[in-house]
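In: Sequence and computational prediction follow.
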Amino acid sequence: MYHRMSMILILLDYTARAIALALISFLVANRHRNRRNKGGTPVLGSLFLGFGTGFAFHSRRTTFLEECGKRYGSYFKFACGPRNIHIVSSSSAFKTFYFDSRLDHKEPHFLVLRALGSSGNIDLLSTPVHEHFIPYFGRALSRRGIAQEITHPLYIELRQRFREIQPQPHHKLSDLIGKTLYYTCTAIIFGPSFPLDTYDDFIAMDLAMPMLISPLAFMAFSGARARGRLLKVMMNYVQENGDFAGEKVAIVSSALRSAHVLPLREQGACLLSLLWSIHSNLLRSIWWMLAYFAVDTETRHRLKAEILATVPENCETDLESLLVLDPDSMFRQFPLLDSAITETIRLCSLPGSMRVAVGDIEIPLDDGGTFSAFQGEMVMTDTRAHHMRDDLYPDAKTFRADRFLPRKDGTLDVPKIMSWGGGAHVCKGKAFAHHVMKVWAVAFLQTYDFTTADILPDLDPRSGNVIADPSKDINIKLEPRYQTSD
Ligand code: HEM
C-alpha cells in the first residue's frame, strides 16, 4: 500500500514538473516572439497562455476590439490560444492586407467548411474549393447573372409573400424577414423542389455557427444536430441534381459542377456553405436596414418619394413590367436607396477579413511605422474601427441615408466602405447582397407603411458574423398601402 502511494506521488510529481516545464517554455517562446516586433508594438497581456484575450475575442468581439482600439490605437496584437492575432485599422495596412500573397485567405474557408460538416481535409479540398467552387461564385453572381436570373423572380415572389402576411397588431422584425427571405431566395436559387421546412434548422445552425467554428464546437449541441440534418438534405439534393441541369439557376449548377469531384459529404458541405453564405449576412443586413428605416420617418418618406418618382402608382409600366423589359434597370435606379443600403452595411458590419502569414511580412502603418507579422500568425482588418472614424464619416455613429449619394460627377464625399473586404478575395456575394437588399426594400415599401415604437438596439457584442446581431429584436407595425389586390 505504502509502495503504491509513493509511486502515485512520484508520478504526480513528474506530471507537475512536466506541466510547469511546458508552461515556462511556452511563455518564453511567446515572450521571444513578442520581443521580435519593432517599434513598441502594443501587445495585450493575457490571463493564461492567451486564453484570456482569446476568450474575450471570441465571446465579446465587438466591445473587446473597441476597447483595445481606444487604448492602443490603429494597431495592436494579442494571443488567441497558442497563436498571435494582429488587429489593424490603419488605411495604409489595408492595401498590403488585401494584395500581398504572403497573407493567405484560405484558413477561414476551411474553418467554415469544417463547421458545416466537412472533414476539413486540406489536401482533398484545396483545389476543388479554391480553384473552382469559390471562383464560380464570383462569376455566377455577376451583375449580369443577377439581372437575368434573380431580380425579376425575386421581386414577384417577395411582393406575393408580403401581400400574404397575416394582419396582426405588430410583427417581430426577425420573424418577418427570416421566413420571407429564406423562402423566396432558397426557392429561387435551389429550385422549387428544395424543402423549405428546413428554415428552423437553418436558424438553429446559423446561431450556433460562431461556436461551431470555435474550439468550443463540441458544446454546440442543438446547432450541431440542426447542421447534421441540413447536411443530409444537401447530400440528397446533390444526388437528385447530379445532372447539373433542371430547375436551378447558374450559381447552383456551377456549384454542383465545381464540387462534383469530391466525396458526397464534402459536396453536401459545399452546398450548405452556399446556403449559409446567402442567408446568414443577408438576414442580419435586412434586419438592420428595416430597423433604421422604421425609426427614421424622414428617410422612409424620402425613400417612398424616390420609388414613386421612378414607378408612379397606377402608371401603365409598373416595376414588374419594367423588370421584364429591362432587368438591368434595377441597378441604375433608386440612388437614395443604394446610399441607405451602403450606410446600413457601414454601421452594422464587423471585421470579416482574416489572413494567415505564410511567411514573415512587414506591414505599413499610417504614421510611417511598420509592424511585423511572423509566419503562422493571424492578421485581421478592423473595418469597424475604420467605419467609426468621425474624420472619414462625419458623425460616424449616426445613420444618414444620403451619406453615400454620389455627387453630379459620380464621386462620393466619403471613402467607400470596407465591409466587403478587398483584392482577389473580396466578397463574392457583394453585388448579390446589395441587390437583394434593394429589391427587398422596394417591394416592401411598395406594399407597406411601417413604424415602430421600439428604440434601435445596440449591436450584440457577442456577434460572430460579418454583420452584427442586434442585442434585441424590435416589433414593427405594418399598414398596407393598398387594400386592393395590389
Ligand atoms: C451583407 C452581406 C455580406 C457581407 C458584409 C459580406 C462580407 C464578406 C467579407 C468581409 C468577406 C471576406 C473578404 C476578404 O477576406 O477579403 C466575404 C467573403 C466571401 N463572401 Fe461575403 N458578405 C456578404 C454576403 C455574401 C453573400 C450573400 C454571399 C454569397 C451569395 C457571399 C459570399 C462570399 C464568398 C464566397 C466569400 C469568399 C471570397 C474569397 O475568399 O475569395 N457573401 N464576404
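Out: Done, it's in. Predicted, not measured: the structure shown is a model, and the values here were computed from it.
In: Distance of the closest residue to Asp366 other than its chain neighbours relative to the ligand?
Out: Distances taken as CB to CB, 6 or more residues apart in numbering put Ser90 closest to Asp366, at 4.5 Å, once the chain neighbours are dropped. In this view, the C-beta of every residue, glycine as well, is placed from N, C-alpha and C. Distance of Ser90 to the ligand, given as CB to the nearest ligand atom, to the nearest Å: 16 Å.
In: Repeat that for Asp360.
Out: Taken as CB to the nearest ligand atom, the span from Asp360 to the ligand is 21 Å.
In: so the residue nearest to Asp366 touches Ser74, yeah?
Out: Yes: Ser90 lies in contact with Ser74 (CB atoms under 8 Å); the separation is 4.2 Å.
In: Which neighbours do these two have in common?
Out: Counting by CB atoms under 8 Å, 6 or more residues apart in numbering, the contacts common to Ser90 and Ser74 are Leu365, Asp366.
In: burial measure for the residue nearest to Asp366, as a count.
Out: Applying other CB atoms under 10 Å, we find 21 residues neighbouring Ser90.
In: residues touching it, list them.
Out: Ser74, Tyr75, Pro364, Leu365, Asp366, Asp367.
In: next one: phi and psi at the nearest residue to the second one once chain neighbours are set aside?
Out: Of all residues beyond its chain neighbours, the one nearest Tyr75 is Val88 (4.9 Å), with distances taken as CB to CB, 6+ apart. Summarising the backbone geometry of Val88 under the convention degrees, to the nearest 10, its torsions are phi -140, psi 130.
In: which bits of the stretch 201-350 of the chain sit near the ligand?
Out: Ser277, Ile278, Asn281, Leu282, Ser285, Ile345, Ser349 (CB under 6 Å from any ligand atom).
In: pLDDT score assigned to Ala79?
Out: In this model, Ala79 is scored at 87, pLDDT.
In: For stretch 368-380, which residues meet the burial criterion?
Out: For stretch 368-380, burial by neighbour count (16 or more other CB atoms under 10 Å) applies to Thr370, Phe371, Ser372, Ala373, Glu377, Met378, Val379, Met380.
In: What's the local residue count around the nearest residue to the fifth one once chain neighbours are set aside?
Out: Computed as CB to CB, 6+ apart, the closest residue to Glu377 that is not its neighbour in sequence is Asn84, at 4.5 Å. The burial metric for Asn84, expressed as a neighbour count using other CB under 10 Å, is 23.
In: again with Gln267
Out: Neighbour tally, Gln267, other CB under 10 Å: 25.
In: In a helix, Phe371, correct?
Out: No: counting by DSSP: H, G, I helix; E, B strand; the rest coil, Phe371 is located in no helix; its state is strand.
In: how close does it sit to Leu196?
Out: With distances defined as CB to CB, to the nearest Å, the gap from Phe371 to Leu196 amounts to 48 Å.
In: try Gln267
Out: When distance is defined by CB to CB, Gln267 is 21 Å away from Leu196.
In: would you turn the buried residues of stretch 368-380 into TSV with distance to the ligand and pLDDT?
Out: Below are the buried residues of stretch 368-380 laid out as TSV (distance: CB to the nearest ligand atom, whole Å; pLDDT from 0 to 100):
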residue	distance to the ligand	pLDDT
Thr370	21	92
Phe371	19	91
Ser372	21	92
Ala373	16	94
Glu377	16	94
Met378	12	94
Val379	11	96
Met380	10	95
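In: in the protein, which spans are strands?
Out: 75-80, 83-88, 103-104, 171-172, 354-357, 361-364, 370-373, 378-381, 448-451, 475-480 (DSSP state E).
In: Mind listing what's buried along the second one?
Out: Within strand 83-88, the residues that count as buried by 16+ other CB under 10 Å are Asn84, Ile85, His86, Ile87, Val88.
In: For it, which strands pair with it and how are they oriented?
Out: strand 75-80 (antiparallel), strand 378-381 (parallel) (DSSP bridges).
In: re the thing from before, which members of the residues of the stretch 201-350 of the chain next to the ligand are positioned in helices?
Out: Ser277, Ile278, Asn281, Leu282, Ser285, Ile345 (DSSP state H).
In: pLDDT score assigned to the fifth one?
Out: We note a pLDDT of 98 for Ser285 in this prediction.
In: and what of the second one?
Out: As predicted, Ile278 sits at a pLDDT of 94.
In: which residues touch it?
Out: Taking CB under 8 Å, 6+ apart, one finds Cys185, Thr186, Ile189, Gly429, Phe432 in contact with Ile278.
In: Could you measure from His425 over to the ligand?
Out: 4 Å.
In: Same question for Ala140.
Out: 9 Å.
In: in stretch 164-173, what counts as buried?
Out: Here stretch 164-173 shows His170, His171, Leu173 as buried, counting by 16+ other CB under 10 Å.
In: Start and end of that stretch, how far apart?
Out: End-to-end distance of stretch 164-173 (CA to CA, to the nearest Å): 16 Å.
In: Contacts for that stretch next, please.
Out: 176, 180, 287, 290-291, 294, 452, 473-478, 480.
In: Please list only the buried members of those residues.
Out: Judged by 16+ other CB under 10 Å, buried ones among those: Leu176, Thr180, Trp287, Leu290, Ala291, Ala294, Thr452, Ile474, Ile476, Leu478.
In: Next, give me the two most distant ones among the residues you listed.
Out: Taking CB to CB, the two most distant members of the buried ones among the contacts of stretch 164-173 are Thr180 and Thr452; they sit 17.6 Å apart.
In: The residue lying closest to Val324 once chain neighbours are set aside: what's it in contact with?
Out: Setting aside the residues directly before and after it, Val324 is nearest to His152 in space (CB to CB, 6+ apart), at 6.3 Å. Contacts of His152 were listed using CB under 8 Å, 6+ apart, and they are Glu320, Leu323, Val324, Pro327.
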